[in-house]
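Engineer: task: produce atomic coordinates for the following.
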Amino acid sequence: IAVDAYAYAVGIVAGAGYGDAYVANSGDFIITAVGPAIGIQADAEFDADVFNLGDISVYSEQSYAGGILSESDAGDAYVASQGNITATGATYAGGILASADYGTATVFNSGIISVSALQDSFGIQAEAKYDAFVANSGSITTTSEYGSSTGIDANSYLGDVTVYNSGDFVVSAGVEATGIYTYSRYGDIAISNSGDLLVTGVNEATGIYAGTGEFDSDISISNSLNTIVASASTTGTANGIYAYSDGSGDIGITSSGVITATGGSAYGIYAATDNDNSYYSAYTVYYAGGNIGITLGATSNITATATDLGSYGEYSAYSGGNAYGVYARVEEAYGNISISNAGRISATANGLYATAAGIHAYDQDDGTVSITTASTSVISATANGYYGNAYGIYANAAYGNVVISNAGSVTAGSTDTSGFSVGILSDSYYGTT
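Structural biologist: The predicted structure is shown next:
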């Protein structure tokens, strides 16, 4: 079926002002419009379901383009697609959208998705007040010339967010690029990824992002035998995996794949908890949760390279970007940090006053920092810029204890005589090391 229109073009529309909307399609569509162009649209007061087996191609000359849209006001939004989707928009573009204002959003996809737009673009987006779920095995390519681009975007306000991905992604953007993006205000996040993620952004590039709000919401990320490459400009930030809990939830990350982060500042894995919540018992204030656990297998290989050189003048100076293979931080909480490495970690910082660290773990409060490396572990840090500092392993705590058990290889080097390098540095202000 081919549809060509000036103002607005849609292949299939199913709408229910007070009921459910259901679409089952096995045909192919070519949709072209000067205005908005949509392949399949299901819009309902209650449930909106779309089942698609056909290939969909949509093009908008001056507006937005969407492959499949499933939108529910008071029910659930569901999409299952096996066909290939191509969406090209002058402004925004998306492959599959499932949106539920007061329900759950679910997407199953095994087809190839290719999306491009001048502004923002996404491959799959599931947004809901309650649970958001995405299972994808298809390859996804998204491009944004002047905006942000995301392969999978899954977010929820009250519910859990779950993403299973085995597809390969290529994501590029003129501003921010993210392979898998997840967020929940009140719920937990679980991500399982075995696909290769190639992400390029000017201001920021992130392979996997997970964020939670100021509540007891946990984050779990499993990254299997795959490759994540995040590349940003010399003034941008590159993150292989980025996990942030703004509450008392725990963060758990396991990885056995290859992670490469290159940018002005670079982080192979970044994990941080910042618990602003507390509860009171008599006259004692307790800060709960906020634990971080990172486990890197023997096949894990993390490389972080900071390319921001920095500059200095007669009256001012600023440092170049820092490079961290693994960075973990706990703030305002009695959370612990535990890092176990059996693979390879390399961090290189090339800028003025810049820092390179294979592993850096910092606990601001009363938690314990524990770092363990196996005999197969190889960690190196190199600072090439003026006054640059290098740490193989750097662990410090404010009030808690620091425990480091190393059975592998650790090297650190600074090429400038004004800088310094330390293989293993352990310190605690009030605890023991």
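Engineer: lowest-confidence helix or strand of this protein?
Structural biologist: Here the helix or strand of the chain ranked lowest by mean pLDDT, DSSP states H and E is strand 279-281, holding a mean of 43.
Engineer: just give the nearest non-adjacent residue to Asp160, would you?
Structural biologist: Counting by Cβ to Cβ, 6 or more residues apart in numbering, the nearest residue to Asp160 once its immediate chain neighbours are dropped is Gly187, at 4.0 Å. Using the backbone N, CA and C atoms, a C-beta is placed for each residue, glycine as well.
Engineer: pLDDT below threshold where in the stretch 301-433 of the chain?
Structural biologist: Filtered on pLDDT under 70, the stretch 301-433 of the chain yields the residue ranges 310-319, 332-333.
Engineer: swap in 50 and give it another go.
Structural biologist: Low-confidence segments of the stretch 301-433 of the chain, defined by pLDDT under 50: 314-316.
Engineer: mind listing the strands in it by residue range?
Structural biologist: Defined through DSSP state E, counting those that start in this stretch, the strands belonging to the stretch 301-433 of the chain, from first to last, are 301-306, 311-312, 317-318, 323-331, 337-341, 344-349, 355-363, 369-373, 378-383, 389-397, 402-406, 409-414, 421-428.
Engineer: mind checking which of the ones you listed is nearest Ile259?
Structural biologist: Proximity to Ile259 (Cβ to Cβ) singles out strand 301-306 among the strands of the stretch 301-433 of the chain, at 4.7 Å.
Engineer: end to end on stretch 384-394, go ahead and measure it.
Structural biologist: With Cα to Cα, to the nearest Å as the measure, stretch 384-394 spans 18 Å from end to end.
Engineer: could you do stretch 212-230 as well?
Structural biologist: Taking Cα to Cα as the measure, stretch 212-230 stretches 22 Å from start to finish.
Engineer: number the chain from 212, please
Structural biologist: I'll keep to 212 as the first residue from here, and by that count the last item is stretch 423-441.
Engineer: okay, the strands of the stretch 512-644 of the chain in JSON lines with distance to Asp331 and mean neighbour count next?
Structural biologist: JSON lines is the format used below for those (distance: least, Cβ to Cβ, whole Å; neighbours: other Cβ atoms under 10 Å):
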{"stretch": "strand 512-517", "distance to Asp331": "27", "mean neighbour count": "26"}
{"stretch": "strand 522-523", "distance to Asp331": "32", "mean neighbour count": "12"}
{"stretch": "strand 528-529", "distance to Asp331": "31", "mean neighbour count": "12"}
{"stretch": "strand 534-542", "distance to Asp331": "28", "mean neighbour count": "27"}
{"stretch": "strand 548-552", "distance to Asp331": "35", "mean neighbour count": "23"}
{"stretch": "strand 555-560", "distance to Asp331": "32", "mean neighbour count": "27"}
{"stretch": "strand 566-574", "distance to Asp331": "33", "mean neighbour count": "28"}
{"stretch": "strand 580-584", "distance to Asp331": "39", "mean neighbour count": "23"}
{"stretch": "strand 589-594", "distance to Asp331": "36", "mean neighbour count": "25"}
{"stretch": "strand 600-608", "distance to Asp331": "38", "mean neighbour count": "26"}
{"stretch": "strand 613-617", "distance to Asp331": "43", "mean neighbour count": "17"}
{"stretch": "strand 620-625", "distance to Asp331": "41", "mean neighbour count": "19"}
{"stretch": "strand 632-639", "distance to Asp331": "42", "mean neighbour count": "17"}
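Engineer: of those, give the one that comes closest to Asn434.
Structural biologist: Within those, the stretch nearest Asn434 is strand 512-517; the backing value is 10.7 Å (Cβ to Cβ).
Engineer: got the angle for that closest one vs strand 548-552?
Structural biologist: Using axes from the mean of the first three to the mean of the last three Cα atoms, to 10 degrees, one finds that strand 512-517 and strand 548-552 are set 110 degrees apart in direction.
Engineer: show me what strand 512-517 pairs with in its sheet, parallel or antiparallel.
Structural biologist: Strand 512-517 has the following strand partners under DSSP bridges: strand 469-474 (parallel), strand 555-560 (parallel).
Engineer: could you dump the last one to PDB, C-alpha only?
Structural biologist: Output for strand 555-560, consisting of C-alpha atoms alone and laid out as PDB, is shown next (Å, rounded to 0.1, in the frame of the first residue of the first chain):
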ATOM      1  CA  ARG A 555      41.600  -5.700  31.300                       C
ATOM      2  CA  ILE A 556      41.200  -2.000  32.200                       C
ATOM      3  CA  SER A 557      43.100   0.800  30.500                       C
ATOM      4  CA  ALA A 558      42.700   4.600  31.100                       C
ATOM      5  CA  THR A 559      44.600   7.300  29.300                       C
ATOM      6  CA  ALA A 560      44.300  11.100  29.800                       C
END
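Engineer: how far off strand 566-574 does it point, in degrees?
Structural biologist: Our comparison of strand 555-560 with strand 566-574, counting by the same axes, to 10 degrees, yields an angle of 120 degrees.
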